[in-house]
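Asker: give me a model of this one.
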Amino acid sequence: MHYHRIPHSSLEVSALGLGTMTFGEQNSEADAQAQLDYAVSQGVNLIDTAEMYPVPPRPETQGQTERFIGNWLAQRGGREKLIIASKVIGPARNNDSEIRPNQKLDRKNIRDALDASLKRLQTDYLDLYQVHWPQRSTNCFGQLGYRWDDKAPEITLLETLEALAECQRAGKIRYIGVSNETAWGVMRYLALAEKHDLPRIVTVQNPYSLLNRSFEVGLAEVSRYEGVMLLAYSCLAFGVLSGKYLHGAQPAKARNTLFSRFTRYSGEQAGKATAAYVALAQRHGLDPAQMALAFVRQQRFVGSTLLGATSLEQLKINLDSLDITLSDELLAELNAIHQVYTYPAP
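Answerer: You can find the predicted model right below:
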């Protein structure tokens with residue numbers, strides 16, 4: 001395993017991290033513990049979760065992912081060797097994301113969310129605490145067409161940052177990050193931190209894959225000059241880049257088969273792009289999923305590539321992508337496909 005030092009922090013994260021949003025929905029607690037055991041045995045030290053998980057969110061299962069991880073931590077020990085990251089959700093975007101009444105990214109909500117996460121995870125602190133999505137209305141989760149809103153934000157970024165700073169001073173979190181954020185949002189957080197002597201965000205967790213390279217447009221430059229590294233998620237685009245959904249296939253127990261809400265990477269252009277990427281991998285004798293993960297891992301702005309798996313076998317295949325280094329020639333062929341399907345999915 002390779003490790004990356006996250007700028008402006010003492011965090012050294014594994015090049016491949018473990019995403020856990022299926023724990024408690026598609027994965028049982030026994031499945032979760034097996035995945036955690038294997039990932040750590042292979043050198044993974046970054047475990048990423050969220051108060052909202054598992055996904056799709058349901059009141060009956062909310063928080064179950066953190067509980068599974070907490071039970072595993074209590075049984076296995078070695079907390080100090082791991083980097084545990086969680087997230088506080090932003091305002092409710094639809095009926096199934098309501099966790100607290102009048103959900104906001106203010107002091108009370110952040111404090112309550114963090115304390116609940118720490119209790120479920122059975123730990124006194126988090127290494128990284130992230131804002132899951134912004135308070136303001138902006139483009140994320142595949143949205144396009146920016147909607148101009150003349151209303152002032154109900155909660156400002158400064159209020160959110162001050163609340164996170166209080167949690168850091170209390171020793172409950174070591175570092176802070178954001179997720180599903182824009183270049184403007186990241187730069188604004190950094191400016192506020194400098195102006196008001198508050199902690200700076202050190203990571204941004206956004207989607208990044210062969211089907212969604214939007215991070216490269218503005219945020220990659222922010223990463224380069226400000227040292228805010230990407231924790232890349234959805235690197236297989238909900239599993240689409242493995243090729244398992246090609247030609248209308250609906251494999252049993254797969255996420256897109258089970259849950260109709262996951263349509264972000266299921267459009268016609270995404271299907272054509274995926275077919276081209278899979279064919280390229282096959283011509284080079286590569287597993288399509290491993291090629292897609294290697295592409296993400298080799299980007300210089302990526303601090304860690306988060307892996308999500310619904311089976312231990314799938315996790316093993318994904319972790320083995322660490323052994324693959326894509327040649328300049330193959331990267332050129334990937335970019336040639338990208339030129340044809342530049343934006344197949346947001």
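
Asker: quick one: buried residues of stretch 144-160?
Answerer: Going by neighbour count (16 or more other C-beta atoms under 10 Å), the buried part of stretch 144-160 is Ile155, Thr156, Leu157, Glu159, Thr160. Where you see a C-beta, it was placed from the backbone N, CA and C, and this is true even at glycine.

Asker: so what's the last one up against?
Answerer: I take that to be Thr160. Thr160 is in contact with Leu105, Asp106, Ile110, Val131, Gln135, counting by C-beta atoms under 8 Å, 6 or more residues apart in numbering.

Asker: do the same with the first one
Answerer: Taking C-beta under 8 Å, 6+ apart as the criterion, Ile155 is in contact with Lys104, Leu105, Asp106, Gln135.

Asker: identify the farthest-apart pair in those residues.
Answerer: Farthest pair in the contacts of Ile155 (C-beta to C-beta) is Asp106 and Gln135. Separation: 8.6 Å.

Asker: which of those two has more neighbours?
Answerer: A side-by-side neighbour count of Asp106 and Gln135, using other C-beta atoms under 10 Å, places Gln135 first with 20 against 17.

Asker: touching, that one and Pro153? I think so.
Answerer: Yes: contact criterion C-beta atoms under 8 Å: Gln135 and Pro153 qualify, at 5.9 Å.

Asker: C-terminal to the helix or strand bottoming out on mean pLDDT in the chain, what's the next element?
Answerer: For the chain, counting by mean pLDDT, DSSP states H and E, helix 255-258 ranks last in confidence among helices and strands (a mean of 68). Scanning forward in sequence from helix 255-258 by DSSP states H and E, the next helix or strand is helix 268-283.

Asker: quick one: the spatially closest residue to Ile110 that is not a sequence neighbour from Gln62, how far?
Answerer: Of all residues not flanking Ile110 in the chain, Ala163 sits nearest, at 4.4 Å (C-beta to C-beta, 6 or more residues apart in numbering). Note on Ala163: its distance to Gln62, by C-beta to C-beta, to the nearest Å, is 21 Å.

Asker: now do the helices in the stretch 1-150 of the chain.
Answerer: Under the criterion DSSP state H, counting those that start in this stretch, helices of the stretch 1-150 of the chain are mapped to 29-41, 64-76, 107-121.

Asker: want to throw these into CSV with mean pLDDT and distance to His2?
Answerer: Below are the helices of the stretch 1-150 of the chain laid out as CSV (pLDDT from 0 to 100; distance: least, C-beta to C-beta, whole Å):
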stretch, mean pLDDT, distance to His2
helix 29-41, 98, 15
helix 64-76, 98, 23
helix 107-121, 97, 26
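
Asker: what's the closest of those to Ile89?
Answerer: Closest of these to Ile89 is helix 107-121, at 7.4 Å (criterion: C-beta to C-beta).

Asker: quick one, the closest one and helix 64-76 angle?
Answerer: Interaxial angle, helix 107-121 versus helix 64-76 (axes from the mean of the first three to the mean of the last three C-alpha atoms, to 10 degrees): 50 degrees.

Asker: alpha carbons of helix 107-121, as CSV, please.
Answerer: What follows is helix 107-121 as a C-alpha-only set of coordinates in CSV (Å, rounded to 0.1, in the frame of the first residue of the first chain):
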residue,chain,number,x,y,z
ARG,A,107,-23.6,24.9,16.0
LYS,A,108,-26.4,22.8,17.5
ASN,A,109,-26.9,20.5,14.6
ILE,A,110,-23.1,19.9,14.0
ARG,A,111,-22.5,19.3,17.8
ASP,A,112,-25.5,16.9,18.0
ALA,A,113,-24.5,15.1,14.8
LEU,A,114,-20.8,14.7,15.9
ASP,A,115,-21.7,13.5,19.4
ALA,A,116,-24.1,10.9,18.0
SER,A,117,-21.5,9.7,15.4
LEU,A,118,-18.8,9.4,18.2
LYS,A,119,-21.2,7.4,20.3
ARG,A,120,-22.1,5.0,17.4
LEU,A,121,-18.4,4.7,16.4
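
Asker: show residues contacting it.
Answerer: 49, 51, 63, 66-67, 69-70, 73, 84, 86, 88-89, 99-100, 103, 124-126, 129, 159-160, 162-164, 166-167, 172-173.

Asker: now do the SS call for Ala336.
Answerer: helix (DSSP: H, G, I helix; E, B strand; the rest coil).

Asker: which stretches of the stretch 51-200 of the chain have low pLDDT?
Answerer: 94-97 (pLDDT under 70).

Asker: can you pull out the strands in it?
Answerer: Counting by DSSP state E, counting those that start in this stretch, one finds strands in the stretch 51-200 of the chain at the ranges 83-88, 126-131, 173-179.

Asker: all strands for the stretch 201-346 of the chain, in order.
Answerer: Ranges of strands within the stretch 201-346 of the chain are 201-205, 229-232, 302-307, based on DSSP E, counting those that start in this stretch.

Asker: could those strands go into TSV alongside distance to Gly17, mean pLDDT and mean neighbour count?
Answerer: As requested, these are exported to TSV (distance: least, C-beta to C-beta, whole Å; pLDDT from 0 to 100; neighbours: other C-beta atoms under 10 Å):
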stretch	distance to Gly17	mean pLDDT	mean neighbour count
strand 201-205	10	98	26
strand 229-232	7	98	25
strand 302-307	4	98	26
